[in-house]
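S.K.: Have a look; sequence and predicted model below, questions after that.
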Amino acid sequence: MVENGDCFAVVRKVTKQVPTTCMRCAVGCGHVQLAAENGYGLETVRGDPSHPVNRGLACGRGVRETADPDGEWLTRPLVREDGELVRTSWAEALETVGEAFRAAMATDPDEIAILGSGQQTNEAAYALGKLARGGIGTRHYDANTTLCMASAVTAYYRAFGSDAPPPTYDDIPEAQTHVVWGANPAVAHPVLFRWVRQSAADGCLVVVDPVETKTAAAADTHVALEPGGDLALARAVLRLLVDTDRVDEEFVNAHTEGFADAVGGLPSVSSLAADAGVSVQTVELLAAALDAPTLLYWGMGVNQSVRGTATAGALIDLCLASGNLGPGAGPFSLTGQANSMGTRVCSSKGTWPGHRPFDHPAHRKTVADAWDVPVSKLPADSGPGPVGILESSPSVVWTVATNPLAGFPDATAARDHLDDAFLVVQDAFRSETVELADVVLPAATWGESEGTTMNMERTVSRVRAATETPPGVRQDLDIIADVASRVAPGLIDRPPLDPATVFDEFAALTAGTDADCSGISYTRLDGERAVRWPAPEPGVSAGYRYYDETDTPRWEFPTDSGKAQFSTLNGGSLPEPTDEDYPLTLTTGREADGYNTGVRTRSDTPDVPVARINPETIETYCTAVANADTDAGANNDTTDADSDGDKRTTIESRRASVPVTLEPDDAVPPGLVWLSIHHPMTNQLTIPAVDPRSNEPNFKQCAVRLVHPEASIRPTLVTAEVSN
């Protein structure tokens, strides 16, 4: 018996081994979980040998962070009283939320901003989008998939007419060459990277990245381009394919459009190579790599840029031009968050469920009819993206399984916007955003939740609860339904909801779409464990997209012409190049043991970020460096950086100053500063500029300088300043 306010609840223990899906990253590995003998939580987590995605493989961090996350759990609803968060009942917390929402809706639905997450189940994401778009009618709704995947999504739509990679995991062993561009799957997707390395053992692995990452260290070739030089390098390779008659003209002529426009204005190979910071010989190496069947993977290093859509499109162009489309080849964007794909398919974020076009009248009517709301209730467009949403200064903000105070660029500005709003935070763990909240709604997490998820190769599988939750914690889906009952009565059934029923509603709404899930059900998933969409009927699970080899091999793309489209996008200038005042470039990346903004891995997060910087750069700016054990206020001189022990400095951008501990690292090129995306202080420095087509922020390059921890001591160069 567990005390719950003035009553007692009977706790039912689940002791059997429960098959589920890991929610650590978007590989989508099957797990088997066993509840702890006493209390709440998980005793055992391991890979599931019967799951068709991973066949028993599992990475250590996925197991650790599922079984024993480090974050501070939220176990009771909280409300802010006299400046402090205090415990309250669910009824009071939800009524407080309802009052704030109803007041804002009476003024303008866009006064309510809702930020979802790739950590929700498909069912919760669908319900949240249904409430946001059909119940409230707000434009200001998005999810953190836009912070990491929107540029790849936009490029896929422009090239193929629909979202999601054409290849699947089945194509990895069939490829002879693997080109990993601006991604670090050895850290971000360990199980997938194992498959890549196994395949590349008899082929070739090429990594394109300014930093010698763990993935680059395992590669046959590492191409260390200039930060931000990705678009120029991709175009250089395309130009060389043309110049050396390596274009697959048969494929291009039969199945694509726009090739002449894409290559007509390209500068010379040597000019583009210089812009990318590489040699012509390096361009030749990349062009030669495309001669064999090639999978070209990319990640945040490409997407998180004002040039993200243009660069992702240029990488797709390389596949089209070289004929690298079809089984064992093609463009494969690597997704970060576990259910980023599901968020895009289910949640009415940028499209209606099933990737129905947001502005298409017939699709809007289909959605409105299914939800039994007037078409006029649905917002006219999908909104300005997460950065634009906060910049609009909404009066109410509801965050669900996301931490914008640490995860948004220019996090100080994000704090100012959230501080001015009535902030509702729905999460499983205490975070920076929780500390600013007016109402906190504690939600279930991995191992406690029921539903489904979608991995990066379009595979849907079950998420199951292996343990009960404390009585003060509720499922995301039920919290959303309870809020809906207060602001849009009748739109969503009152909780508790049956996730299978919600999934069936979502799946039916995708029938006939490019992301058809109507042939998937819980019963089918119980039998098959995982099903890849499009799955328009039971028994169907798609493979490679757009390619039909059941009879006569043929290509068919969901574009107006039925052909794939080459990109002619101009990437424009980077928003903040280095200059005399800010001579260094900041980039951000993942750590092996870090998780998003660190809420599940706080014991691994130091108080201040660790900055990886080339020893040459440290020497160049040695007067900005102090010993970590130097007493504050001591009289330091230029010999500080020559002393033994840890070094510290301050990294300063045009937006903020952040103290760091220095880690000399030859893997980081001179002139570059590397910080972990997982540290909650990192994004105080980054710039809120966004890609004009995808609204994805430019997290990867901004100008910074090093400043001595004693701010009055400014850096003096002792060698020639390194060039960026």
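M.R.: That came through, no problem.
S.K.: In this structure, what helix or strand scores lowest on average pLDDT?
M.R.: Of all helical and strand segments in the chain, the minimum by mean pLDDT, DSSP states H and E falls on strand 7-9, at a mean of 37.
S.K.: and the helix or strand hosting residue 180, what does it pack onto?
M.R.: Residue 180 belongs to strand 177-181 when assigned by DSSP states H and E. When contacts are defined as 3 or more Cβ pairs under 8 Å, 6 or more residues apart in numbering; DSSP states H and E, strand 177-181 packs onto helix 190-200, strand 204-208, helix 280-289, strand 294-298. For glycine as for every other residue, the C-beta is placed from the backbone atoms N, C-alpha and C.
S.K.: Mean neighbour count, those: which tops it?
M.R.: The highest mean neighbour count among the helices and strands packed on strand 177-181, using mean count of other Cβ atoms under 10 Å, belongs to strand 294-298: a mean of 27.
S.K.: need the next SSE after it, C-terminal direction.
M.R.: By DSSP H and E, the next helix or strand past strand 294-298 is helix 300-303.
S.K.: Report the rounded mean pLDDT for the helix or strand just after that following helix.
M.R.: As assigned by DSSP H and E, the chain's next helix or strand after helix 300-303 is helix 308-322. For helix 308-322, mean pLDDT is 98.
S.K.: Likewise for stretch 106-121?
M.R.: 97.
S.K.: Likewise for stretch 491-506?
M.R.: Averaging pLDDT along stretch 491-506 yields 98.
S.K.: I'd like the numbering to begin with 57 instead of 1 from here.
M.R.: Yes, from this point I'll number from 57; that puts the last item at stretch 547-562.
S.K.: Next, the buried residues of that stretch.
M.R.: 547-548, 551, 553, 555-556, 558-562 (16 or more other Cβ atoms under 10 Å).
S.K.: From those residues, pick the one nearest residue 152.
M.R.: residue 551 (17.5 Å; Cβ to Cβ).
S.K.: So that closest one sits against residue 538, correct?
M.R.: Yes - using Cβ atoms under 8 Å, residue 551 makes contact with residue 538 at a distance of 5.3 Å.
S.K.: Which neighbours do those two have in common?
M.R.: residue 530 (Cβ atoms under 8 Å, 6 or more residues apart in numbering).
S.K.: Run a quick neighbour tally on residue 538.
M.R.: 22 (other Cβ atoms under 10 Å).
S.K.: Just to be sure, it is in a helix?
M.R.: Yes - Residue 538 sits within a helix when classified using DSSP: H, G, I helix; E, B strand; the rest coil.
S.K.: and the longest strand for this structure?
M.R.: Secondary structure of the chain per DSSP state E: the longest strand is strand 713-720.
S.K.: For that strand, which residues meet the burial criterion?
M.R.: For strand 713-720, burial by neighbour count (16+ other Cβ under 10 Å) applies to 714, 716, 718.
S.K.: can you tell me which residues contact the most centrally placed residue in the chain?
M.R.: In the chain, the centroid-proximal residue (Cα atoms, centre = their mean) is residue 204; its distance is 3.7 Å. When contacts are counted by Cβ under 8 Å, 6+ apart, residue 204 touches 356, 359-360, 391-393, 396, 752.
S.K.: Same check on residue 244?
M.R.: Contacts for residue 244 (Cβ under 8 Å, 6+ apart) come out as 81, 355, 390, 392, 646.
S.K.: got the contact list for the helix or strand that the longest strand of the chain is followed by?
M.R.: Going down the chain from strand 713-720, the next helix or strand is strand 728-732, by DSSP H and E. Outside strand 728-732, the residues within contact range by Cβ under 8 Å, 6+ apart are 266-267, 283, 640-647, 650, 665-670, 673, 707, 716, 721, 724, 738, 741, 760, 762.
S.K.: Partner strands of strand 728-732, with direction?
M.R.: Strand 728-732 sits in its sheet next to strand 640-645 (parallel), strand 666-669 (antiparallel), going by DSSP bridges.
S.K.: average pLDDT across the shortest one?
M.R.: Over the span of strand 666-669, the pLDDT mean works out to 97.
S.K.: Just the buried positions in that strand, please.
M.R.: Of all the residues in strand 666-669, those buried under the rule 16+ other Cβ under 10 Å are 666-669.
S.K.: want to try TSV for those residues, with distance to residue 609 as columns?
M.R.: Listed next are those as TSV, based on distance: Cβ to Cβ, whole Å:
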residue	distance to residue 609
666	51
667	51
668	47
669	51
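S.K.: Tell me where the stretch 307-456 of the chain has strands.
M.R.: For the stretch 307-456 of the chain, applying DSSP state E, counting those that start in this stretch gives strands covering 312-313, 350-354, 386-389, 452-456.
S.K.: Select, out of those, the one closest to residue 169.
M.R.: Among those, strand 452-456 sits nearest to residue 169 (Cβ to Cβ), with 4.7 Å.
S.K.: Residues in contact with the closest one: which ones?
M.R.: Strand 452-456 has contacts (Cβ under 8 Å, 6+ apart) with 153, 156-157, 160, 167-173, 176, 180, 184, 446, 473-474, 477-483, 489, 499, 532, 536, 539.
S.K.: Would you list the strands that that strand pairs with, along with their directions?
M.R.: Strand 452-456 is paired, per DSSP bridges, with strand 168-172 (parallel), strand 478-483 (parallel).
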